[in-house]
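Kindly generate the corresponding structure for this input.
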Amino acid sequence: MQFETTIQQSVEASGIGLHHGVASSVRILPAPAGTGIVFRRSDLNGFEIPASFHHVARVSYATSLMRQGVLISTTEHLLSALYSMEIDNAIIEIDNLEVPILDGSSLPWVSRLKDAGVKKLRKQRKYLQITREVSVEGTGKRIRILPSDRFVLNCDVYFDHPMVGRQKLEFQVTPDRYAEDIAPARTFGFEHELDQMRNMGLIRGASLENAVCFTKQGVLNPEGLRYANEPVRHKVLDLIGDLALIGRPMLGQVVAERAGHAMHVALVSKIMSDPSLYEVINFDQLVERVSHALAT
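So this is what the prediction gives:
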(Lines give C-alpha, C1' and ligand atoms only; values in the text may rest on other atoms or scores of the structure.)
Protein backbone atom coordinates (compact mmCIF):
# COMPACT_ATOMS: atom_id res chain seq x y z
CA MET A 1 0.00 0.00 0.00
CA GLN A 2 1.65 3.25 -1.15
CA PHE A 3 -0.54 5.84 0.57
CA GLU A 4 -2.18 6.11 3.98
CA THR A 5 -5.84 5.19 4.22
CA THR A 6 -9.00 5.83 6.17
CA ILE A 7 -12.58 4.59 5.75
CA GLN A 8 -15.01 6.05 3.22
CA GLN A 9 -17.92 6.36 5.65
CA SER A 10 -18.67 5.81 9.32
CA VAL A 11 -19.85 2.47 10.73
CA GLU A 12 -21.40 1.49 14.07
CA ALA A 13 -21.67 -1.46 16.44
CA SER A 14 -23.15 -2.04 19.90
CA GLY A 15 -22.95 -4.78 22.50
CA ILE A 16 -21.56 -5.72 25.89
CA GLY A 17 -17.96 -5.89 27.00
CA LEU A 18 -16.40 -9.28 27.69
CA HIS A 19 -14.80 -8.47 31.04
CA HIS A 20 -16.68 -5.51 32.52
CA GLY A 21 -20.03 -6.66 31.15
CA VAL A 22 -21.17 -3.10 30.40
CA ALA A 23 -23.11 -2.07 27.30
CA SER A 24 -21.35 0.23 24.86
CA SER A 25 -21.78 1.65 21.39
CA VAL A 26 -18.93 2.30 18.96
CA ARG A 27 -18.84 4.53 15.92
CA ILE A 28 -15.78 4.40 13.64
CA LEU A 29 -15.25 7.65 11.73
CA PRO A 30 -12.96 8.65 8.84
CA ALA A 31 -9.88 10.66 9.85
CA PRO A 32 -7.23 12.72 8.01
CA ALA A 33 -3.76 11.41 7.16
CA GLY A 34 -1.39 11.42 10.12
CA THR A 35 -4.14 10.94 12.69
CA GLY A 36 -3.53 7.27 13.38
CA ILE A 37 -6.11 5.27 15.33
CA VAL A 38 -7.61 7.31 18.16
CA PHE A 39 -10.27 6.31 20.68
CA ARG A 40 -12.66 9.07 21.74
CA ARG A 41 -14.83 8.66 24.84
CA SER A 42 -18.08 10.30 23.71
CA ASP A 43 -19.46 9.96 27.27
CA LEU A 44 -16.54 11.99 28.66
CA ASN A 45 -16.65 15.16 26.53
CA GLY A 46 -14.79 13.51 23.65
CA PHE A 47 -11.66 12.66 25.68
CA GLU A 48 -9.13 11.06 23.33
CA ILE A 49 -6.72 8.17 23.82
CA PRO A 50 -4.43 7.29 20.90
CA ALA A 51 -4.07 3.55 20.25
CA SER A 52 -0.39 3.58 21.18
CA PHE A 53 2.01 1.59 23.34
CA HIS A 54 2.49 4.83 25.31
CA HIS A 55 -0.96 4.38 26.84
CA VAL A 56 -1.07 0.67 27.65
CA ALA A 57 -2.57 0.18 31.10
CA ARG A 58 -3.48 -3.47 31.65
CA VAL A 59 -2.45 -6.60 29.77
CA SER A 60 -3.60 -9.63 31.77
CA TYR A 61 -6.53 -11.18 29.88
CA ALA A 62 -7.00 -8.26 27.47
CA THR A 63 -5.15 -5.14 26.35
CA SER A 64 -6.44 -1.88 27.78
CA LEU A 65 -5.40 1.71 27.25
CA MET A 66 -5.45 4.54 29.78
CA ARG A 67 -4.69 8.25 29.65
CA GLN A 68 -5.13 10.61 32.60
CA GLY A 69 -7.18 7.99 34.42
CA VAL A 70 -9.58 7.37 31.51
CA LEU A 71 -9.79 3.73 30.43
CA ILE A 72 -10.53 1.92 27.16
CA SER A 73 -10.61 -1.83 27.77
CA THR A 74 -10.31 -4.89 25.49
CA THR A 75 -9.05 -3.06 22.41
CA GLU A 76 -7.21 -5.89 20.67
CA HIS A 77 -9.95 -7.33 18.41
CA LEU A 78 -10.88 -3.99 16.88
CA LEU A 79 -7.24 -2.90 16.50
CA SER A 80 -6.42 -6.25 14.90
CA ALA A 81 -9.14 -5.74 12.30
CA LEU A 82 -8.14 -2.15 11.52
CA TYR A 83 -4.47 -3.07 11.19
CA SER A 84 -5.03 -6.14 9.03
CA MET A 85 -7.54 -4.40 6.76
CA GLU A 86 -4.91 -1.66 6.23
CA ILE A 87 -6.82 1.21 7.82
CA ASP A 88 -4.22 3.70 9.03
CA ASN A 89 -6.43 6.52 10.29
CA ALA A 90 -9.75 6.45 12.16
CA ILE A 91 -11.53 7.98 15.12
CA ILE A 92 -13.27 5.39 17.30
CA GLU A 93 -16.06 7.00 19.30
CA ILE A 94 -17.12 4.87 22.27
CA ASP A 95 -19.61 5.71 25.03
CA ASN A 96 -18.28 3.44 27.81
CA LEU A 97 -15.05 1.92 29.09
CA GLU A 98 -14.95 -1.36 27.12
CA VAL A 99 -15.09 -2.18 23.42
CA PRO A 100 -18.02 -4.56 22.82
CA ILE A 101 -16.97 -8.17 22.33
CA LEU A 102 -19.67 -8.85 19.68
CA ASP A 103 -19.28 -12.53 18.69
CA GLY A 104 -15.83 -12.92 20.30
CA SER A 105 -13.92 -12.58 17.02
CA SER A 106 -12.97 -9.67 14.79
CA LEU A 107 -15.22 -10.80 11.93
CA PRO A 108 -18.02 -8.30 12.78
CA TRP A 109 -15.45 -5.47 12.66
CA VAL A 110 -14.04 -6.72 9.35
CA SER A 111 -17.54 -6.88 7.86
CA ARG A 112 -18.26 -3.32 8.92
CA LEU A 113 -14.93 -2.04 7.61
CA LYS A 114 -15.64 -3.68 4.27
CA ASP A 115 -19.04 -1.97 4.22
CA ALA A 116 -17.38 1.36 5.02
CA GLY A 117 -14.88 1.07 2.16
CA VAL A 118 -11.26 2.22 2.05
CA LYS A 119 -10.25 5.74 1.09
CA LYS A 120 -6.69 6.50 -0.04
CA LEU A 121 -5.18 9.70 1.33
CA ARG A 122 -2.47 11.96 -0.04
CA LYS A 123 0.30 10.98 2.32
CA GLN A 124 2.84 8.24 1.69
CA ARG A 125 2.50 5.29 4.01
CA LYS A 126 5.53 4.67 6.21
CA TYR A 127 6.57 1.28 7.53
CA LEU A 128 8.55 0.28 10.59
CA GLN A 129 11.09 -2.31 9.42
CA ILE A 130 12.90 -4.39 12.02
CA THR A 131 16.68 -4.35 11.43
CA ARG A 132 17.92 -6.56 14.31
CA GLU A 133 16.45 -9.51 16.19
CA VAL A 134 14.50 -8.57 19.32
CA SER A 135 13.19 -11.01 21.91
CA VAL A 136 11.34 -11.18 25.21
CA GLU A 137 11.37 -14.37 27.28
CA GLY A 138 9.60 -15.76 30.32
CA THR A 139 9.09 -19.15 31.95
CA GLY A 140 8.38 -21.48 29.06
CA LYS A 141 7.31 -18.54 26.89
CA ARG A 142 9.07 -16.41 24.30
CA ILE A 143 8.36 -13.92 21.57
CA ARG A 144 10.89 -12.58 19.12
CA ILE A 145 10.95 -10.70 15.87
CA LEU A 146 13.44 -11.10 13.04
CA PRO A 147 14.24 -8.75 10.14
CA SER A 148 12.04 -9.27 7.07
CA ASP A 149 10.56 -7.30 4.20
CA ARG A 150 7.12 -8.79 4.99
CA PHE A 151 4.85 -9.01 8.03
CA VAL A 152 4.81 -12.71 8.93
CA LEU A 153 3.64 -14.39 12.13
CA ASN A 154 4.65 -17.80 13.48
CA CYS A 155 2.45 -18.62 16.45
CA ASP A 156 2.80 -21.70 18.70
CA VAL A 157 0.36 -22.42 21.55
CA TYR A 158 -0.14 -25.30 23.96
CA PHE A 159 -3.11 -26.08 26.18
CA ASP A 160 -3.56 -29.37 28.01
CA HIS A 161 -6.86 -30.26 26.39
CA PRO A 162 -7.75 -33.07 23.94
CA MET A 163 -9.22 -30.62 21.41
CA VAL A 164 -6.32 -28.16 21.59
CA GLY A 165 -2.93 -29.50 22.64
CA ARG A 166 -0.10 -27.95 20.65
CA GLN A 167 -1.10 -25.86 17.65
CA LYS A 168 1.14 -23.95 15.24
CA LEU A 169 0.34 -21.47 12.52
CA GLU A 170 2.49 -19.48 10.11
CA PHE A 171 0.65 -16.56 8.58
CA GLN A 172 1.52 -13.68 6.27
CA VAL A 173 -0.93 -10.88 6.94
CA THR A 174 -2.95 -9.56 4.01
CA PRO A 175 -6.51 -8.18 4.17
CA ASP A 176 -8.04 -11.06 2.23
CA ARG A 177 -6.24 -13.82 4.11
CA TYR A 178 -6.97 -12.20 7.47
CA ALA A 179 -10.69 -11.87 6.69
CA GLU A 180 -10.89 -15.51 5.62
CA ASP A 181 -8.55 -17.31 8.00
CA ILE A 182 -8.11 -15.24 11.18
CA ALA A 183 -10.99 -12.81 11.71
CA PRO A 184 -13.66 -15.48 12.44
CA ALA A 185 -11.62 -17.12 15.24
CA ARG A 186 -13.24 -16.46 18.63
CA THR A 187 -11.85 -15.84 22.08
CA PHE A 188 -11.89 -18.95 24.22
CA GLY A 189 -11.58 -20.26 27.76
CA PHE A 190 -11.82 -23.39 29.86
CA GLU A 191 -14.77 -24.34 32.06
CA HIS A 192 -12.60 -25.16 35.09
CA GLU A 193 -11.15 -21.61 35.09
CA LEU A 194 -14.44 -19.69 34.92
CA ASP A 195 -15.04 -19.27 38.66
CA GLN A 196 -11.49 -18.10 39.25
CA MET A 197 -11.76 -15.51 36.47
CA ARG A 198 -15.11 -14.22 37.74
CA ASN A 199 -13.61 -13.90 41.23
CA MET A 200 -10.92 -11.72 39.63
CA GLY A 201 -13.64 -9.44 38.25
CA LEU A 202 -13.25 -10.74 34.69
CA ILE A 203 -15.56 -12.24 32.00
CA ARG A 204 -18.71 -10.61 33.45
CA GLY A 205 -20.11 -10.33 29.93
CA ALA A 206 -19.01 -13.75 28.66
CA SER A 207 -21.46 -16.22 27.16
CA LEU A 208 -21.54 -18.94 24.54
CA GLU A 209 -22.63 -16.20 22.11
CA ASN A 210 -19.28 -14.46 22.35
CA ALA A 211 -16.70 -17.05 23.44
CA VAL A 212 -15.74 -20.68 23.02
CA CYS A 213 -15.84 -22.64 26.27
CA PHE A 214 -13.92 -25.90 26.48
CA THR A 215 -15.10 -28.57 28.92
CA LYS A 216 -12.76 -31.35 30.12
CA GLN A 217 -13.29 -33.38 26.98
CA GLY A 218 -15.13 -31.18 24.50
CA VAL A 219 -16.71 -27.81 23.86
CA LEU A 220 -19.91 -26.35 25.31
CA ASN A 221 -20.87 -24.31 22.26
CA PRO A 222 -23.60 -26.20 20.38
CA GLU A 223 -22.21 -25.15 16.99
CA GLY A 224 -18.73 -26.42 17.88
CA LEU A 225 -15.53 -24.82 16.60
CA ARG A 226 -15.22 -22.70 13.46
CA TYR A 227 -11.79 -24.25 12.76
CA ALA A 228 -10.12 -27.33 14.23
CA ASN A 229 -7.27 -25.00 15.28
CA GLU A 230 -9.43 -22.03 16.26
CA PRO A 231 -7.39 -21.30 19.44
CA VAL A 232 -4.10 -20.63 17.64
CA ARG A 233 -5.91 -18.57 15.00
CA HIS A 234 -7.39 -16.42 17.75
CA LYS A 235 -3.96 -16.03 19.33
CA VAL A 236 -2.71 -14.70 15.98
CA LEU A 237 -5.67 -12.28 15.95
CA ASP A 238 -4.76 -11.02 19.44
CA LEU A 239 -1.07 -10.77 18.56
CA ILE A 240 -1.80 -8.56 15.55
CA GLY A 241 -4.03 -6.31 17.69
CA ASP A 242 -1.27 -5.83 20.26
CA LEU A 243 1.44 -5.21 17.64
CA ALA A 244 -0.83 -2.54 16.12
CA LEU A 245 0.07 -0.40 19.16
CA ILE A 246 3.34 0.39 17.37
CA GLY A 247 1.22 2.86 15.41
CA ARG A 248 2.33 2.05 11.88
CA PRO A 249 2.56 -1.05 9.65
CA MET A 250 5.46 -3.27 10.61
CA LEU A 251 7.84 -5.41 8.55
CA GLY A 252 9.32 -8.35 10.40
CA GLN A 253 8.90 -12.03 11.15
CA VAL A 254 7.31 -12.53 14.56
CA VAL A 255 7.79 -15.86 16.33
CA ALA A 256 5.52 -16.28 19.37
CA GLU A 257 5.80 -19.35 21.58
CA ARG A 258 3.00 -19.54 24.19
CA ALA A 259 3.10 -15.74 24.51
CA GLY A 260 0.19 -13.61 25.68
CA HIS A 261 -0.88 -9.97 25.85
CA ALA A 262 1.74 -8.95 28.43
CA MET A 263 4.59 -10.43 26.42
CA HIS A 264 3.26 -8.97 23.14
CA VAL A 265 3.21 -5.49 24.65
CA ALA A 266 6.62 -5.99 26.28
CA LEU A 267 8.03 -6.74 22.81
CA VAL A 268 6.44 -3.58 21.40
CA SER A 269 7.88 -1.49 24.24
CA LYS A 270 11.34 -3.00 23.80
CA ILE A 271 11.32 -2.25 20.07
CA MET A 272 10.12 1.32 20.49
CA SER A 273 12.59 2.09 23.29
CA ASP A 274 15.59 1.41 21.04
CA PRO A 275 15.64 3.15 17.61
CA SER A 276 18.65 1.03 16.57
CA LEU A 277 16.29 -1.96 16.28
CA TYR A 278 14.24 -0.55 13.42
CA GLU A 279 14.11 1.86 10.51
CA VAL A 280 11.12 3.84 9.27
CA ILE A 281 10.87 3.63 5.47
CA ASN A 282 8.34 4.70 2.86
CA PHE A 283 6.68 2.58 0.20
CA ASP A 284 9.21 3.44 -2.53
CA GLN A 285 12.09 2.34 -0.29
CA LEU A 286 10.26 -0.89 0.48
CA VAL A 287 9.77 -1.66 -3.21
CA GLU A 288 13.43 -0.94 -3.88
CA ARG A 289 14.55 -3.28 -1.09
CA VAL A 290 12.24 -6.08 -2.18
CA SER A 291 13.44 -5.72 -5.78
CA HIS A 292 17.07 -5.83 -4.65
CA ALA A 293 16.42 -8.94 -2.52
CA LEU A 294 14.76 -10.72 -5.44
CA ALA A 295 17.65 -9.80 -7.76
CA THR A 296 20.21 -11.29 -5.37
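
just the helices in the chain please.
76-84, 107-116, 175-181, 194-199, 230-243, 261-272, 283-295 (DSSP state H).

Which one of those helices lies nearest to Leu97?
helix 76-84 (14.1 Å; C-beta to C-beta). Using the backbone N, CA and C atoms, a C-beta is placed for each residue, glycine as well.

The closest one vs helix 230-243, what angle?
For helix 76-84 against helix 230-243, the angle by axes from the mean of the first three to the mean of the last three C-alpha atoms, to 10 degrees is 70 degrees.

right, so of the helices of the chain, which gets closest to Ala57?
By C-beta to C-beta (comparing all of the helices of the chain), the closest turns out to be helix 261-272, at 10.2 Å.

and the closest one, which residues are buried?
His261, Ala262, Met263, His264, Val265, Ala266, Leu267, Val268, Ser269, Ile271, Met272 (16 or more other C-beta atoms under 10 Å).

Let me know the distance separating the fourth one from Gln2.
This means His264. 28 Å (C-beta to C-beta, to the nearest Å).

nearest residue to Arg117 other than its sequence neighbours?
If you look again at residue 117, you'll see it is Gly, not Arg. In space, and not counting its chain neighbours, Gly117 is closest to Gln8: 3.5 Å by C-beta to C-beta, 6 or more residues apart in numbering.

Ok, Lys123 next?
Ala33 (3.7 Å).

and the one you found, how many neighbours?
17 (other C-beta atoms under 10 Å).

Wait, it touches Arg122, no?
Yes: under the criterion of C-beta atoms under 8 Å, Ala33 makes contact with Arg122 at 6.6 Å.

thinking again about what came up before, and the residue nearest to Gly117, how close does it get to Arg248?
Distance from Gln8 to Arg248, by C-beta to C-beta: 21 Å.

again with Ile91
In terms of C-beta to C-beta, Ile91 sits 17 Å off from Arg248.

the more surrounded of these two?
The neighbour comparison of Ile91 against Arg248 (other C-beta under 10 Å) goes to Ile91, with 21 against 14.

Quick check: bridge partners of the more buried one?
In this entry, Ile91 is beta-bridged to Leu29, Val38, by DSSP bridges.

Check it and give its pLDDT.
Note on Ile91: pLDDT of 98.

Val152 too?
Reading off the model, Val152 has pLDDT 97.

Pull the number of nearby residues for it.
17.

cool, Glu137 as well?
For Glu137, using other C-beta under 10 Å, the count is 13.

From Lys270, how far out is it?
Distance from Glu137 to Lys270, by C-beta to C-beta: 11 Å.

give the contact list for the closest residue to Asn229 other than its chain neighbours.
Nearest non-adjacent residue to Asn229, counting by C-beta to C-beta, 6+ apart: Gln167, 4.7 Å away. With contact taken as C-beta atoms under 8 Å, 6 or more residues apart in numbering, Gln167 is in contact with Asp156, Val157, Tyr158, Asn229, Pro231, Val232.

The first one touches Glu170, doesn't it?
No: taking contacts as C-beta under 8 Å, Asp156 lies outside contact range of Glu170: 9.8 Å.

These two: who's more crowded?
For Asp156 versus Glu170, neighbours defined as other C-beta under 10 Å are more numerous around Asp156 (17 against 12).

who touches that one in this structure?
Going by C-beta under 8 Å, 6+ apart, the list of residues near Asp156 reads Arg166, Gln167, Lys168, Val232, Val255, Ala256, Glu257, Arg258.

now the residue lying closest to Pro175 once chain neighbours are set aside: how far from Leu225?
The shortest distance from Pro175 to any non-neighbouring residue, by C-beta to C-beta, 6+ apart, is to Met85 (5.0 Å). Using C-beta to C-beta, Met85 is found at 24 Å from Leu225.

How far off centre is stretch 37-54?
17 Å (C-alpha atoms, centre = their mean, to the nearest Å).

Go ahead and flag the most central residue of the chain.
Gly241 (1.2 Å; C-alpha atoms, centre = their mean).

That one touches Ser64, doesn't it?
No: counting by C-beta under 8 Å, Gly241 does not reach Ser64; the two are 11.9 Å apart.

which residues do these two both contact?
Thr75.

how about Leu113, what does it touch?
Ile7, Val11, Ile28, Ala81, Leu82, Met85, Ile87.

In JSON lines, list those residues along with pLDDT and distance to Val38.
Shown next, in JSON lines, are the contacts of Leu113 (pLDDT from 0 to 100; distance: C-beta to C-beta, whole Å):
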{"residue": "Ile7", "pLDDT": "98", "distance to Val38": "13"}
{"residue": "Val11", "pLDDT": "98", "distance to Val38": "16"}
{"residue": "Ile28", "pLDDT": "98", "distance to Val38": "11"}
{"residue": "Ala81", "pLDDT": "98", "distance to Val38": "16"}
{"residue": "Leu82", "pLDDT": "98", "distance to Val38": "11"}
{"residue": "Met85", "pLDDT": "98", "distance to Val38": "17"}
{"residue": "Ile87", "pLDDT": "98", "distance to Val38": "12"}
